[in-house]
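Asker: test case, fold it:
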Amino acid sequence: MGRWRPPQPKGSPYITTAGFERLQKELDTLWLRRRDVVAALSAAAAEGDRSENAEYIYRKKELGGIDRRIRFLQKRLPELNVVKQTSMGSQIFFGATVTVEDDHGAERTVRIVGPDETDGKRGNISMDSPLAKALMKKSVDDEVSITVAGELTRYVITDVRYQ
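Answerer: Numbers count the residues shown, from 1 in each chain. Reported below is the predicted structural model:
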């Protein structure tokens, strides 16, 4: 049995201005980090026998990871559409910060962003996620239902705002 897996489907090509700048900064930082790793790799290679040189093996793997991320960002950044102006109405669209309340009365605030800037700790959810898809084009006091892990969850939208 091989390790081949089909490629992941591409996410939506939308991103906020701050998210695009964050990815661009990450790319610039990776190029600087790559320079340091290449210098450390050449120093480790100069030590002699590479087959038992842990530093050399580690730096080769680290360089591979950095190069893979650089290649991804160089391909992805030109494909992205930066959404500069978001809707200021009461309907939910890309870039909206939405507060929802579930059946148990627990409130949750999420911001709908592109898949490249999804971050659960900060409350940023992808516009491709089931919750975001259910929320799109809804307004305050609307009810949405999603099925997660075979369980139906209902949410009531309590607040919509744009930054």
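Asker: next, count neighbours for L63.
Answerer: 16 (other C-beta atoms under 10 Å). (Each C-beta comes from the backbone N, C-alpha and C, glycine too.)
Asker: what distance do you get for D67 to L30?
Answerer: 9 Å (C-beta to C-beta, to the nearest Å).
Asker: give the buried residues for the lengthiest helix in the chain.
Answerer: Longest helix in the chain by number of residues, with DSSP state H as the criterion: helix 17-45. By 16 or more other C-beta atoms under 10 Å, the buried positions in helix 17-45 come out as 19-20, 23, 27, 30, 34, 37, 40-41, 44.
Asker: any chance of a markdown table for those, columns pLDDT and distance to Q8?
Answerer: Output for these, formatted as a markdown table (pLDDT from 0 to 100; distance: C-beta to C-beta, whole Å):
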| residue | pLDDT | distance to Q8 |
| --- | --- | --- |
| G19 | 92 | 19 |
| F20 | 95 | 21 |
| L23 | 96 | 17 |
| L27 | 97 | 20 |
| L30 | 98 | 21 |
| R34 | 97 | 24 |
| V37 | 96 | 26 |
| A40 | 93 | 32 |
| L41 | 93 | 30 |
| A44 | 90 | 33 |
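Asker: could you dump those into CSV and include distance to E117?
Answerer: What follows is these, written out as CSV (distance: C-beta to C-beta, whole Å):
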residue, distance to E117
G19, 4
F20, 9
L23, 8
L27, 14
L30, 17
R34, 23
V37, 26
A40, 31
L41, 31
A44, 35
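Asker: for those, which one is nearest E151?
Answerer: Using C-beta to C-beta, G19 is the member of these that lies nearest E151, at 30.9 Å.
Asker: surely the closest one touches V113?
Answerer: Yes - using C-beta atoms under 8 Å, G19 makes contact with V113 at a distance of 6.3 Å.
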